[in-house]
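S.K.: any chance you can model this:
(one chain, ligands or ions: 3)
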Amino acid sequence: MSDTPLKIPRHVAIIMDGNGRWAEARGLSRYEGHQAGTENLRRVIRAAADIGVQYLTVYAFSTENWGRPKDEVEGLMMLLETTIDNELEELIAEGVQIRHLGRLESMPKALARKVEHSIDATKENHRIVLNIAWNYGGRDEVVYAVQKIIADHIEPDQVTEQMISDHLFTGGIPDPDLVIRTSGEYRISNFMIWQSAYAEWYFTPTLWPDFDKHELEKAIAVYGMRERRFGKLSGGNADVANG
Ligand code: IPE
Ligand code: IPE
Ligand code: MG
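M.R.: Numbering: from 1, shown residues only. Ligands and ions are numbered 1, 2, ... in the order given. The predicted model follows:
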């Protein structure tokens with residue numbers, strides 16, 4: 001073992017993929033797969049907080065996922081609602097601050113209200129920020145940012161990279177250092193297309209319901225061994241952009 005302390009990514013983002021295949025392998029319904037995935041998320045939030053991750057972003061429902069069969073979409077919406085109902089108190093007690101990435105206005109009204117309530121009820125928490133990407137699409141987020149920039153009457157020469165970052169759903173949140181995708185797929189699937197420009201990627205064949213604390217630690221250990229150069233050369237100034 002080396003004496004070098006483990007480099008902990010400040011912001012970890014996860015594409016939680018593979019619930020359906022996990023269920024199928026067990027002869028269960030896709031809904032049961034999503035339930036198992038939700039259970040796993042509870043564990044991973046705690047594990048990430050224990051490790052010292054400050055921001056955890058989870059991709060849970062994409063703008064493309066509306067194209068799934070109606071009962072699967074309804075099941076997923078219901079699952080988010082019941083999860084907020086059942087978990088909010090504990091999340092508050094554990095110091096989790098909830099944020100939402102995506103458009104609330106096109107979500108079922110009762111669910112949108114619950115999401116707003118969970119954001120409000122946890123806004124003073126600072127142990128870990130949990131960004132829930134729900135009804136989220138990276139391209140839709142860019143459209144949203146452009147709409148806001150135009151609505152704010154910002155002149156073309158005032159548009160900078162920082163300004164665009166500030167107008168995304170993630171405004172004020174640092175870019176992800178590490179993006180994890182489970183289930184053996186090698187795609188970005190419209191996730192954080194702007195923010196992950198210089199993220200480190202970690203792919204694992206493990207299906208999301210099986211991605212446990214040990215797997216998270218492994219991903220973080222692999223991250224810790226990477227050299228982030230940000231286009232520069234190895235050595236002294238390599239980590240400048242990492243703050
Ligand atoms: C990820 O699991 C959860 C969502 C996209 C909502 P999937 O439902 O995509 O699982 P697979 O990819 O079919 O196994
Ligand atoms: C990405 O998974 C979206 C979420 C995990 C929420 P999908 O299963 O929807 O993505 P594709 O179809 O493999 O690109
Ligand atoms: Mg999938």
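
S.K.: any idea which helix or strand carries the closest residue to residue 29 other than its chain neighbours?
M.R.: With C-beta to C-beta, 6 or more residues apart in numbering as the criterion, residue 29 has its nearest non-adjacent residue at 6.1 Å, and that residue is residue 23. (C-beta placed from N, C-alpha, C; glycine too.) Assignment of secondary structure by DSSP states H and E places residue 23 within helix 19-25.

S.K.: the helices in this structure, which residues?
M.R.: With DSSP state H as the criterion, the chain has helices at 19-25, 30-51, 70-93, 109-121, 138-151, 161-167, 213-225.

S.K.: could you dump these to JSON lines with mean pLDDT and mean neighbour count?
M.R.: Putting these into JSON lines (pLDDT from 0 to 100; neighbours: other C-beta atoms under 10 Å) gives the following:
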{"stretch": "helix 19-25", "mean pLDDT": "98", "mean neighbour count": "18"}
{"stretch": "helix 30-51", "mean pLDDT": "98", "mean neighbour count": "19"}
{"stretch": "helix 70-93", "mean pLDDT": "98", "mean neighbour count": "15"}
{"stretch": "helix 109-121", "mean pLDDT": "98", "mean neighbour count": "15"}
{"stretch": "helix 138-151", "mean pLDDT": "98", "mean neighbour count": "15"}
{"stretch": "helix 161-167", "mean pLDDT": "98", "mean neighbour count": "14"}
{"stretch": "helix 213-225", "mean pLDDT": "98", "mean neighbour count": "16"}
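
S.K.: now those helices in TSV, with distance to residue 196?
M.R.: As requested, the helices of the chain are exported to TSV (distance: least, C-beta to C-beta, whole Å):
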stretch	distance to residue 196
helix 19-25	22
helix 30-51	18
helix 70-93	23
helix 109-121	23
helix 138-151	9
helix 161-167	12
helix 213-225	14
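
S.K.: out of those, which gets nearest to ligand 2?
M.R.: For ligand 2, the closest of the helices of the chain is helix 19-25, at 7.6 Å, according to C-beta to the nearest ligand atom.

S.K.: what packs against the helix holding residue 23?
M.R.: If contacts are counted by 3 or more C-beta pairs under 8 Å, 6 or more residues apart in numbering; DSSP states H and E, helix 19-25 sits against helix 30-51.
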